[in-house]
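**Q** Using only what follows, build the 3D model:
(2 chains)
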Amino acid sequence: MMQPGLYQILFISTALFFIGAYGFLTRRNLITMLMSVELILNSVNLNFIAFNKYLWPDRLDGLFFTIFIIAIAAAETSVAIAIIINLYRSHHSIDVENAEEMKY
Amino acid sequence: MSGSTIIFYMLAALTLVSGVMAVSTRQIFRAAVFVLFSLIGVAGLYFWMQYEFIAAVQIVVYVGGITVLIIFSIFLTQQAGEKMLMPKIGRKVFSALAAFCGFALIMLQLYQYTFASTTNLPIEPSVANIGTQMMGIKESGYSLPFEVVSILLLAALIGCIVIAMKPKPQTT
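**A** Have a look, this model is predicted:
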């Protein structure tokens, strides 16, 4: 086994990103798609922190990007869940196939 | 092999295995719990990199906030214990192929590239340093993005309330 460093962490975050992308493409349920988006956002955060630690340890910029991404992800999730609950009230289902009437 | 290495690979395995389970299980509640474990694994990786503040934020916001929100919305919108429909086999195969191709492409690029790191003295990512820089208005201060994110959070809160509000019954 290799000594863990930047490449190992980038491997993990890339794998997590594409796991999330796979889930986003296969799932047809809005809540599970939201979970996949959370996985993708987390992989990006991991990337920022790893670059900050291993390449630019004299600055804190990656850390601030991560903090802002976490804040925006929380806002996005709450809005998405409000939309999902509203959709469930009117359609009694949260599949994306049934959600296409939203555009009218 | 040192203890730090063993802990790193255990955290990596926790993150990736529960991530795979989260996107492949057919029960939605189990998917939520596996996402929870995946997020805990990412928080553990932040602890491993000694960014304690980010790890604490990750646990408070993601594990404590967003996952609980998702679980509540599952309770509000799903019949408990009902299995989700299997995705079509063609869609599954093509999604897996697309994900694997993207992964292979990025890995190929990554291992051909050598990163050059800086030689300056590192700053300790302590809460005092983070707070000073986040509220700073001098060079590399993050005061303006902080305010913008505050406005965004306020807008998101009001938007959630407006979207999820029940329409008033007609009382005329």
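**Q** mean confidence score for stretch B:40-56?
**A** When pLDDT is averaged over stretch B:40-56, the result is 93.
**Q** What of stretch A:94-104?
**A** Average pLDDT, stretch A:94-104: 69.
**Q** tell me what the helix or strand of chain B with the lowest mean pLDDT is packed against?
**A** Lowest on mean pLDDT, DSSP states H and E among the helices and strands of chain B sits helix B:127-134, with a mean of 86. Other elements packing on helix B:127-134 under the criterion 3 or more C-beta pairs under 8 Å, 6 or more residues apart in numbering or on different chains; DSSP states H and E are helix A:61-91. Using the backbone N, CA and C atoms, a C-beta is placed for each residue, glycine as well.
**Q** Can you point out the buried residues in the helix it packs on?
**A** A:62-68, A:70-71, A:73-85, A:87-88 (16 or more other C-beta atoms under 10 Å in any protein chain shown).
**Q** and the next helix or strand after the least confident helix or strand of chain B with helix A:61-91, angle?
**A** Later in the chain than helix B:127-134, the nearest helix or strand by DSSP states H and E is helix B:143-164. Interaxial angle, helix B:143-164 versus helix A:61-91 (axes from the mean of the first three to the mean of the last three C-alpha atoms, to 10 degrees): 10 degrees.
**Q** OK, contacts around A:Phe17?
**A** A:39-40, A:43-44 (C-beta atoms under 8 Å, 6 or more residues apart in numbering or on different chains).
**Q** any idea how far it is from B:Gln50?
**A** Distance, A:Phe17 to B:Gln50, using C-beta to C-beta, to the nearest Å: 23 Å.
**Q** again with A:Leu41
**A** Plainly put, A:Leu41 is 22 Å away from B:Gln50 if you go by C-beta to C-beta.
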